[in-house]
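1. Quick one, what's the 3D model for this:
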Amino acid sequence: VAARVDSNEVRLRGEVEWIASGSVDDIHALEFGVTSLHAERLSDSALLLRFGNSVGRFTVGALGTLAVYCGKWDDATFDAMLQDLTTVALSLPYKAEQRASWGVDRTLLESNRILLHAFLYARHIVLASDRHVALPAAVAVVLANPHRRFLIERARVAPYEVEKVDARSVARLASGAERMVRTPHGGRLAEALRGYTPLEVDVPHAYHSVDTAENRFVRAFLDELADIIACVSAIAASERAPFWKRVAADCVEMRLRLHPLRAHDLWKDVGRQFTLPTASSVLQRRHGYKELLRHHVTLHAATRLPHDDRLAELLGMKDVAALYELWCFFAVVRALELVIGRPPDEAIQPRGDKVQVDLQWGLRVSWRDEVDVYYNLTFSGERRAKWASASVELRPDIVVATRRASGDLALHVLDAKLRLDRRDTSDGEELKTYKAADIVKMHAYRDALPDVRTAFVLYPGDEVETFAIGGAESGAVGAIPVVPGRACEELIGHLRNLLANDASRAVSYAPVAVTGHET
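-> Below you'll find the model as predicted:
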């Protein structure tokens, strides 16, 4: 199905070109929402939409939400890829000039790039229509029944004003700590105290207070969201690109949603937060509070993501083919971790602008010069270059470099292709297979790039294929299925065989268990 409507959301397949027709106002709202990158005005009442490999979700005014999806796989596979990228990204250093090992947890940095990541998540929870995600719904639960603590204050009152006493009140009277006056006819109290009564009595005053650590957290979180919106709004006001016009409109809408929540009378009795009570059972378990704590943690995680997993869903468009290429790079790195262990010391060095962060071409992950993995390594047409092509400039997505037993360098190309063919099997089932043109491209890599022994397509299909070229030393081309959300057993086996054949030391590359890095 190319298009379908779910509640107030229209879903369109990105690979199909669409013509939208309607009133002048509706067409203007749609054009503003998807920006000129994806819309071409045909007339005042008609618009041509082209999304290609882009995926994402747009708010288009009164028309609701326009969601563009990839028809090459289902939503579950795409979500698995985004989640996987998030899991990987959370363990990576952020700034390009930093040198640090894998697994470094970066703190919040003062950067517009990271600020935008936080804004994207803030927009998601403030403007969401799903009550399970929406921040206003969680705050409404807190405001309807805020957490209270039982407090006792001491007061000194005249004897005739006493309503309740406790052990401390009695002890002070019995020990003579209170100032007494003679009262011959003071009733039973004077009679018990031999004709004396106290001028004042120390009594407990019990009451409930909403000034709790949990409520202070909620207030501080709302203030933090408001600060993020204010900062991003200031940036958007100085930019002219269509992207920032949409951001500015979102800031206005987010302020309107947050205002009644921040202006509630409850916060008049709630102080400022000084510590985050993460150990509080109220924050961890109570409805409303636990959702806000989850949002808070995710928001701060978003400020550390080199590639935000929600960029494609929340604001703007992302090329799903580029996301798949990035995901395949990390899949190869983690597959190698399972075969030879984690790299001893390697930094991931992203590049970025105000809108996104990506990995730079030529990035290398190294296992002490035994094995290297390169991301978008450029082979120049100049033969004197370190990485040279025999003809034109070529840039494979992933290159695995190993040392042969002889000491010579052996290169293996892995190229991500988010496309496939479909054919029926003999039993009538549909098989997702590679495109023949992609195998031809692998031949080009192998023939044009010196030291390249194998070149394989990574694609989201089902079929494994290897075409041997000459003898064992001549190498091969082929295709390997790599699908987000599925075990990458074929990729792991392929890499294990490459390393064993190149180094002639299969024992060195026994499987290594890597906790928390399942592929």
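2. For residue 205, grab the count of nearby residues.
-> Using other Cβ atoms under 10 Å, residue 205 has 12 neighbouring residues. Where C-beta positions appear, they are placed from N, C-alpha and C, glycine not excepted.
3. quick one: it and residue 159, what's the gap?
-> Distance of residue 205 to residue 159, given as Cβ to Cβ, to the nearest Å: 16 Å.
4. likewise residue 292?
-> Counting by Cβ to Cβ - residue 292 and residue 159 are separated by 48 Å.
5. Which one's more surrounded, those two?
-> Shown here are residue 292 and residue 159; by other Cβ under 10 Å, residue 292 has more neighbours (21 against 16).
6. I figured residue 209 hits residue 269, correct?
-> Yes. Under the criterion of Cβ atoms under 8 Å, residue 209 makes contact with residue 269 at 7.3 Å.
7. For residue 422, grab the count of nearby residues.
-> Each residue near residue 422 was counted by other Cβ under 10 Å, and the total is 10.
8. Which residues does the one helix or strand it maps to contact?
-> Assigned by DSSP states H and E, residue 422 belongs to strand 421-424. Identification of contacts with strand 421-424 by Cβ atoms under 8 Å, 6 or more residues apart in numbering yields 430-436.
9. cool, and stretch 394-406?
-> Applying Cβ under 8 Å, 6+ apart, the set of residues contacting stretch 394-406 is 325, 328-329, 332, 336, 361, 369-379, 409-416, 444-445, 448-449, 455, 458, 495, 498-499, 502-505.
10. quick one: pLDDT of residue 204?
-> At residue 204, the model reports a pLDDT of 81.
11. Give the buried residues for the strand or helix carrying it.
-> Per DSSP H and E, residue 204 falls inside strand 201-209. For strand 201-209, burial by neighbour count (16 or more other Cβ atoms under 10 Å) applies to 201-203.
12. circling back: now a ChimeraX select for only the buried ones of the contacts of stretch 394-406.
-> The buried residues among the contacts of stretch 394-406 can be selected in ChimeraX (16+ other Cβ under 10 Å) with this line:
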select :325,328,329,332,336,371,372,373,374,375,376,377,379,410,411,412,413,414,415,416,444,445,448,449,455,458,495,498,499,502,503
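13. The contacts of stretch 394-406 in helices, which ones?
-> 325, 328-329, 332, 336, 444-445, 448, 495, 498-499, 502-503 (DSSP state H).
14. Could I get the buried residue list for the lengthiest helix in the chain?
-> The single longest helix within the chain, with elements called by DSSP H, is helix 213-237. Buried positions in helix 213-237, judged by neighbour count with 16+ other Cβ under 10 Å: 213-222, 224-226, 228-229, 231-233, 235-236.
15. Equivalent analysis for stretch 402-411, please.
-> Buried residues in stretch 402-411 (16+ other Cβ under 10 Å): 402-403, 410-411.
16. What's the end-to-end length of it?
-> 6 Å (Cα to Cα, to the nearest Å).
17. Check the average confidence over that stretch, would you?
-> On average, stretch 402-411 scores 79.
18. How far away from the center of its chain is it?
-> 38 Å (Cα atoms, centre = their mean, to the nearest Å).
19. before we move on, what about stretch 269-284?
-> 24 Å.
20. For it, could you pull out the residues that count as buried?
-> By neighbour count on 16+ other Cβ under 10 Å, the buried set for stretch 269-284 is 270, 273, 276-277, 280, 282-283.
21. Which members of those residues occur in helices, if any?
-> Those of the buried residues of stretch 269-284 lying in helices (DSSP H): 282-283.
22. Which one of the buried residues of stretch 269-284 is nearest to residue 138?
-> Nearest to residue 138 out of the buried residues of stretch 269-284 is residue 283 (Cβ to Cβ; 11.9 Å).
23. contacting residues for that closest one?
-> 214, 217, 277, 289-290, 292-293.
24. now the buried residues of stretch 402-411 in JSON lines, with distance to residue 389?
-> What follows is the buried residues of stretch 402-411, written out as JSON lines (distance: Cβ to Cβ, whole Å):
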{"residue": "402", "distance to residue 389": "20"}
{"residue": "403", "distance to residue 389": "22"}
{"residue": "410", "distance to residue 389": "17"}
{"residue": "411", "distance to residue 389": "12"}
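25. pLDDT score assigned to residue 477?
-> If you check residue 477, the pLDDT there is 94.
26. Show the contacting residues for it.
-> Here residue 477 is in contact with 439, 442-443, 446, 454-456, 466-467, 469 (Cβ under 8 Å, 6+ apart).
27. ditto for residue 203
-> 154-157, 162-166, 169.
28. Can you tell me the closest non-neighbouring residue to residue 498?
-> Excluding its sequence neighbours, the residue lying closest to residue 498 (Cβ to Cβ, 6 or more residues apart in numbering) is residue 412, at 5.5 Å.
29. The one you found touches residue 452, doesn't it?
-> Yes. Using Cβ under 8 Å, residue 412 is in contact with residue 452, at 7.1 Å.
30. Give me the buried positions along stretch 162-175.
-> The neighbour-count check on stretch 162-175 (16+ other Cβ under 10 Å) flags 162, 169, 173 as buried.
31. and what of stretch 287-294?
-> Using 16+ other Cβ under 10 Å as the burial criterion, the residues of stretch 287-294 that qualify are 288-289, 291-293.
32. what's the spacing between residue 144 and residue 224?
-> Computed with Cβ to Cβ, the distance linking residue 144 and residue 224 is 22 Å.
33. tilt between the helix or strand hosting residue 298 and helix 213-237?
-> Using DSSP H and E, the secondary-structure element containing residue 298 is helix 289-302. Angle, helix 289-302 to helix 213-237, by axes from the mean of the first three to the mean of the last three Cα atoms, to 10 degrees: 40 degrees.
34. could I get helix 289-302 in PDB with only the CA atoms?
-> What follows is helix 289-302, C-alpha atoms only, in PDB (Å, rounded to 0.1, in the frame of the first residue of the first chain):
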ATOM      1  CA  TYR A 289       6.600  11.000  37.800                       C
ATOM      2  CA  LYS A 290       8.200   7.900  36.300                       C
ATOM      3  CA  GLU A 291       7.300   9.100  32.800                       C
ATOM      4  CA  LEU A 292       8.800  12.500  33.500                       C
ATOM      5  CA  LEU A 293      12.000  10.900  34.900                       C
ATOM      6  CA  ARG A 294      12.200   8.700  31.700                       C
ATOM      7  CA  HIS A 295      11.800  11.900  29.500                       C
ATOM      8  CA  HIS A 296      14.500  13.700  31.600                       C
ATOM      9  CA  VAL A 297      17.000  10.800  31.100                       C
ATOM     10  CA  THR A 298      16.300  10.500  27.400                       C
ATOM     11  CA  LEU A 299      16.600  14.200  26.900                       C
ATOM     12  CA  HIS A 300      20.000  14.300  28.400                       C
ATOM     13  CA  ALA A 301      21.000  11.200  26.400                       C
ATOM     14  CA  ALA A 302      20.000  13.000  23.300                       C
END
